[in-house]
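> dropping the sequence and predicted coords here.
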Amino acid sequence: MPTRSLDLFDLGAPSFTTFTTRDGLPDPVAVTVRTDHQGMVWAGTPHGLAWYDGRLWHSLDDPALHGYVKQLFVDDTGTLWACGNTFGLARYDGRRWHVQGPSDGLTTTNVRRLVETHGTHGKRLWAVSPDAGLFYRSQGRWHPDPGNEQLPRGGLLTLAQTHDLFGRARLWLGSVSDGLWYREDEGPWQRLRLPGFDASHGLAYLLATGAGKHEALWVSIFNAGLWRLDASGVRHWSVASGELPTDIIYDLVDTPTASGDGAVWAASRNGLLRIYRDRVQVFDRRYGLPSNAVRGVSVWRSPTGGDVLWAATEDGVARTLVDGGAWKAVSLLGAHQTGVLAVLVDRDAQGNERLWAGSDGDGLGLYRRDRWRHVGTLGDQPGDDTVSLIARADNALGQPAVWLGTGEGRLLRTDAGDHFESVVTPWPHQPGQRINDLLSRRIDGHIEQWFATDASGVYRLRAGAWTPFRPQAAVGTWSVVKLVAHSTGDGRGWLWATSNQGLARYDGTRWVLLGRDIGLPGTDLLGLSLIEDARGRPILWLGSRRHGIVRVDISDPMHPRTLPADLPPSPDLTADGALADAAGRIHICTDSGVQWLTPEAGRYRSQVFTVRDGMVNNECNPNAQFVDAQGRFWTGTLGGLMVHDPTPQPPDRKPKPLRLVRVKLDEHVLDGERVAIPPGRHELRVDFALLSWQHEGESRFRTWLEGFSDGPGPWTADNFREIGALPHGRYVLHIEGRDYAGNRSTPILLPITVAPYWWQRTWARLSYAAIALGGFYALMRWRTLALRRRQHALEQRIDARTAELNHVNRQLLELSRRDALTGLFNRRWLMESLQPRTDASHRAVLASLIFIDVDHFKAFNDSLGHLAGDQALRAVAETIVQQAAADAIVARYGGEEFACLVFNTERDATLALAERLRASIARRAVQIPGKGIRHLTISIGVACRRLATDDDAQALLHDADEAQYEAKRAGRNCVREAGCAT
């Protein structure tokens, strides 16, 4: 059996761009959607038509086309058609719509669907009428099909054509109550009777796919699911078979795939369905669709060759590039809690690539040979449905094995296949005892495994014996996140680990904690990677909760050195860690998206990816990142598992169509390619559209009016130009556009003619010149008086506006000082308050700073959610304000940290205040909606210093910070001071 690589098309979910009434859709319900030959997108709703100009949707203001639009269709000539309940059938010629009627040969206003076929008569367009049968279009007119008399009366819904299925070309017709009919060539209509196939009631749609022996007819039947008829027989998907989420399917389209198998997409009452290799995948609101009820689906082949899929739903329209976009959502495991916590890509014993995903609450997922296998729980304990570790490492015999760690610290291992056996471990199995990392290495001829745990530090398994390790300087719980091995040139082996108390180093005998003594800005660390720099130096990249990515040079392991913080700004101060791929690109996961750092001219170029780029959630999980052998980057997020495929996408070099959308003169829509403006003051507005099918927000435009201005203005996002009163004459409006990739479209040239007043003609000018000479003096005197009056009025308006602006500026200044969540002063205002100051005797003022940190806040957030965390932070802020003096400056320093700054307060009084704050928080009950009452504790650091210089302020901050860390190391829920420098 051939080996298989992971099929990212099968694994990955589409990345949807959505449009709702907020984007101009006139109705939340969309029934059908189609792209015309110009690239303009149209949507049919229960109340008419809407079109998309590349930026916003607009309702079609045509009373003749109001009502329920059932289908939009583009024929082989590029003509757009609409089928509606009230108007029947209408044709769009690129400028206006024309309703079809008896004068066009169409004797019914009940047209359900249009279909195009290819046969002996060439291309033929058909209209399917539930009550009048079939009509075909020839030489610009509609003609009833001669075979209508053979068809059942009423209920005809859909039509399709096959060429080789069942050995001959056939035309297929579906009836809602009389099943599936067909005819060969121009022969009689016959009802299909096929063993195992029942289409007698509710046939809704037909789709023909493939060619030759791969040709198939797909049949959707209301309340009976989906059927496929092909050379192999009949295949049925339904709710009863467990393969469909609903048996109500409205619409079907097919798209090619790189594998050659093709995929069929179905609009259903319970999501957008994708049938690929006979397996049904469901994409719904969890994947970004605006609604689970999908009414219509269409596909458009873009000029660049990519397939653009549109879905009409009951809460808007969605669009996706079928096989485009580098980011793909792979799994929604754990999305109801904190998502995917661990990921691994490896190969099984047969060489098949497989994907492992561990989740919070949904257990383990294993994808192999195009199928997922899910194990909801790995044991009988409450925490066994959480998988926090998946690692491939050698066992004691030096053989490769896969190891799993659960949420309560259980360790499992498989040496072959995917059956796991439990491994006896010395640490307690309890909530919060996650296994974060595993490292296997060979030392002195022995295989040893090192384990990093969340609540018990580091353990080593060697020759069947377990050994616990703990640095002498560790205080309280030593939580270890990540392990890395490093060998120096002399062959000596070192281990490094990140933890909640700093960077740890193992020299072969003992672990030593390193923190601010080596220049680290903080000690609460997360991920860890060893990445050589351009000079070959070993650099540790550390993730942290408060300081982004920190780099440490370990060229000399006994004297590690923290490098300057000169990386591009991180999208979030919480960075889980960094991974490098084979191209030298660094992937950094944060709480606000994934950042790429690409080496460029000795520095790094930054690019950040968020939900706008197809991610299901911006917040990554620590230790849930992996770069596989093909360079694909996998990351677990709170919403599920994402993958980025580095396969180079073909560059987009295709200019997009630039179209005039509307030309209005004084609110009157003009029709034509030239604009004639009568004399007088008139307002001309020209709207235009760049018909790009992706990243429309990055489209840019510029215009210039030849004959009035010298050249084009700057590129802007405005897709319109407004022109006021112009002198009479001839002009040309130049309109230019460029898309997200910088491709410039063919410019639009709009001629504009402004007619002169009668008095602007030559004879009138000569007469006016004579009259003007006589009245010049009087006019100038009147003008002088008028200018004086205008100047006085202008001065009054300026005074009033200045007063208003001053009031607004004062309000903005106050807002800039406040934290939006708690209402306290923000960090910026606290730093401004720490300026040198003196009292009446010109002596430096004594400042006392209290640093407050909420204990175990990350765990509080993870277990109860961010809304509960916000409630807790507001409760802490309220308590601090209640206990502090009225003139104290109380600020949110960042995250779960607060600060209280008081002046001219002696040491004992400051310590007493700090203790009151600690006790008040410990007593306070925080009511969490739906979760009951919770209690919090805080760790406090206190420092005092007179503020004579800027250095004194920095020293005060440092002292208070150190005192706070001392309180944490002392076990939290306590107050520590750094002394009072008076």
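Now that the structure is in, tell me what you want to look at.
> from now on I want contacts and neighbour counts done on CA atoms only, so please keep to that.
Noted.
> downstream of the lowest-mean-pLDDT helix or strand in the chain, the next helix or strand is which one?
Least confident element among the helices and strands of the chain, by mean pLDDT, DSSP states H and E: helix 762-816 (a mean of 68). Counting by DSSP states H and E, the next helix or strand C-terminal to helix 762-816 is strand 825-826.
> name the helices or strands packed onto that next one?
The contact analysis (3 or more Cα pairs under 8 Å, 6 or more residues apart in numbering; DSSP states H and E) places strand 825-826 against strand 889-894.
> partner strands of the strand it packs on, with direction?
Using DSSP bridges, the strands paired with strand 889-894 are strand 825-826 (parallel), strand 897-903 (antiparallel).
> gap between the helix or strand just after the last one and the chain center?
Sequence order places helix 907-923 as the next helix or strand after strand 897-903, per DSSP H and E. The gap between where helix 907-923 is centred and where its chain is centred comes out at 44 Å by Cα atoms, centre = their mean, to the nearest Å.
> and what of stretch 394-403?
The mean C-alpha position of stretch 394-403 is separated from the chain mean by 38 Å, Cα atoms, centre = their mean.
> for that stretch, buried residues please.
394-396, 401-403 (16 or more other Cα atoms under 10 Å).
> and stretch 592-609, by the same measure?
Buried, per 16+ other Cα under 10 Å, within stretch 592-609: 592-598, 604, 606, 608-609.
> residues in contact with that stretch?
Stretch 592-609 is contacted by residues 567-568, 570-572, 584-589, 610-611, 615, 617-620 when judged by Cα atoms under 8 Å, 6 or more residues apart in numbering.
> keep only those of those residues that are in strands.
Counted as lying in strands by DSSP state E, out of these, are 586-589, 620.
> pLDDT added to those, as CSV?
Below are the ones in strands among the contacts of stretch 592-609 laid out as CSV (pLDDT from 0 to 100):
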residue, pLDDT
Ile586, 95
His587, 96
Ile588, 96
Cys589, 95
Cys620, 94
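> just checking, Arg153 touches Ser129?
No - Arg153 lies out of contact with Ser129 (Cα atoms under 8 Å); the separation is 10.6 Å.
> make JSON lines from the strands paired with strand 889-894 and add mean pLDDT to it.
Formatted as JSON lines, those follow (pLDDT from 0 to 100):
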{"stretch": "strand 825-826", "mean pLDDT": "90"}
{"stretch": "strand 897-903", "mean pLDDT": "94"}
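> okay if I get these as TSV plus distance to Leu134 and mean neighbour count?
Listed next are the strands paired with strand 889-894 as TSV, based on distance: least, Cα to Cα, whole Å; neighbours: other Cα atoms under 10 Å:
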stretch	distance to Leu134	mean neighbour count
strand 825-826	72	23
strand 897-903	73	22
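> Thr716: which of those is closest?
Nearest of those to Thr716, taken as Cα to Cα: strand 825-826 at 34.8 Å.
> so how far is whichever helix or strand comes after that closest one from its chain's centroid?
Using DSSP H and E, the helix or strand that follows strand 825-826 in sequence is helix 827-833. Relative to its chain's centre, helix 827-833 lies at 34 Å (Cα atoms, centre = their mean).
> specify the beta-bridge partners of Phe626.
Trp634.
> need the contact list for it.
If you count contacts by Cα under 8 Å, 6+ apart, Phe626 has them with 343-345, 579, 633-635.
> how does it look with 10 Å?
Phe626 makes contact with 342-345, 579-581, 587, 632-636, 643, according to Cα atoms under 10 Å, 6 or more residues apart in numbering.
> can you check Asp517 too?
560-562.
> which one (most neighbours) among the residues you listed?
Most neighbours among the contacts of Asp517, by other Cα atoms under 10 Å: Thr562, with 20 neighbours.
> mind listing what that residue touches?
Taking Cα under 10 Å, 6+ apart, one finds 515-521, 539-540, 550-554 in contact with Thr562.
> okay, those in a markdown table with distance to Arg235 next?
Putting the contacts of Thr562 into a markdown table (distance: Cα to Cα, whole Å) gives the following:
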| residue | distance to Arg235 |
| --- | --- |
| Gly515 | 64 |
| Arg516 | 67 |
| Asp517 | 69 |
| Ile518 | 67 |
| Gly519 | 66 |
| Leu520 | 63 |
| Pro521 | 63 |
| Ile539 | 57 |
| Leu540 | 56 |
| Val550 | 57 |
| Arg551 | 58 |
| Val552 | 60 |
| Asp553 | 62 |
| Ile554 | 62 |
